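Trainee: sequence unknown, structure follows:
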């Protein structure tokens, strides 16, 4: 799973990136905007994996990972265009966390005027829509040119019809993530990796002392249809450098129940619609990430393509049931060890053993 931290320059993206990853990327106020992303891979905290490891005592325990990519401020210069390498890199990520500056800084306001958080977000969305529209119109122009040269297949005609619907949506100021697409249409658009088709989390980055007074701003953003969360970025960065006992005391003072890594895991899983399932044994206990609603074959393919290709059955039980009864042996004796077919929809916390033959 990879997530892009994006937003206007000096909005606090890198501060939040450091808090998430334990990194030390420069957050110097007057440093020029970076030209490439900061990249950090973070282990997903999951107490279930820890307890499974204690139960099975495997040689290896592997938690899921999230890759965070902290990008320089985009959509802030006339030179920005949807064809450059940075834009292409951002499009390859699975979802966007848009960092909105809600902390006061007179010097930064003079250098990088941004307006209130809601205005920042709407302006950002407008630029994403414009970038997508440029890509769409260019592709339609190429299709029209192909028609004139006699290239007119059923697949191209299908693509043209779909792109004209996309164009109408974008011209109406509507992000593509709201389009009701069937699987064939989704597949046809996948290669474009449109900005406005990505899920978005709006992150309101405020000062520590303002953390409890951002509710109205959050409400306004959510009324526009966005998921929104509040964070005191600088405070979280300092918190990430403390030992667990000290951090816990400061978190209690702020009314924060979980570390930023734990909270961001929840944010990102909810934003992308992901769940975790597990494989267990003497060799390895491991967490795997899949989209909610995926079937057993998809889960098997996540482990290895051969398991999906030769899938026969999935032996299955859930983590909560295992913890309730204490062992696989107890589950088998009580008939709680299930055999599921290809179309079984995997649930969060399922433990799978794949039967296959290739």
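Mentor: Yep, it's here. These figures come from a predicted structure and were not determined experimentally.

Trainee: wait, isn't residue 29 in contact with residue 14?
Mentor: No. Applying CB atoms under 8 Å, one finds residue 29 not in contact with residue 14, separated by 11.2 Å. To be clear about C-beta, it is placed using only N, CA and C from the backbone, and glycine gets the same treatment.

Trainee: more neighbours: which of those two?
Mentor: Comparing residue 29 with residue 14 by neighbour count (other CB atoms under 10 Å), the higher total belongs to residue 14, at 25 against 9.

Trainee: relative to residue 303, how far out is that one?
Mentor: Here residue 14 is placed at a distance of 35 Å from residue 303 (CB to CB, to the nearest Å).

Trainee: contacting residues for residue 222?
Mentor: For residue 222, the contact set (CB atoms under 8 Å, 6 or more residues apart in numbering) comprises residue 228.

Trainee: likewise for residue 289?
Mentor: Contact analysis of residue 289 by CB under 8 Å, 6+ apart lists 1, 44, 64, 269, 274, 275, 276, 302.

Trainee: could you give the bridge partners of it?
Mentor: For residue 289, the beta-bridge partners under DSSP bridges are residue 276.

Trainee: other SSEs contacting the one helix or strand residue 189 maps to?
Mentor: Secondary structure here is read from DSSP states H and E; on that basis residue 189 sits in helix 183-189. For helix 183-189, the contact count by 3 or more CB pairs under 8 Å, 6 or more residues apart in numbering; DSSP states H and E identifies helix 154-171 as packing neighbours.

Trainee: follow-up on the earlier one: show me what the next helix or strand after the helix holding residue 189 is packed against.
Mentor: Moving toward the C-terminus from helix 183-189, the next helix or strand (DSSP H and E) is strand 200-205. Other helices and strands packing on strand 200-205, by 3+ CB pairs under 8 Å, 6+ apart, are helix 13-21, strand 95-101, helix 117-148, helix 215-223, strand 227-231, helix 260-272.

Trainee: what do you get if the cut-off is 10 Å, keeping everything else the same?
Mentor: Using 3 or more CB pairs under 10 Å, 6 or more residues apart in numbering; DSSP states H and E as the contact criterion, the elements in contact with strand 200-205 are strand 2-7, helix 13-21, strand 95-101, helix 117-148, helix 215-223, strand 227-231, helix 233-239, helix 260-272.

Trainee: looking only at pLDDT, what's the mean for it?
Mentor: Per-residue confidence for strand 200-205 averages out to 94 on the pLDDT scale.

Trainee: for stretch 333-352, same thing?
Mentor: Here stretch 333-352 scores 94 as its mean pLDDT.

Trainee: and if you look at stretch 186-194?
Mentor: In this model, stretch 186-194 has a mean pLDDT of 93.

Trainee: just stretch 246-264 next, same as before
Mentor: 79.

Trainee: go through the helix holding residue 189 and flag the buried ones.
Mentor: By neighbour count, and taking 16 or more other CB atoms under 10 Å as the criterion, the buried residues in helix 183-189 are 185, 188, 189.
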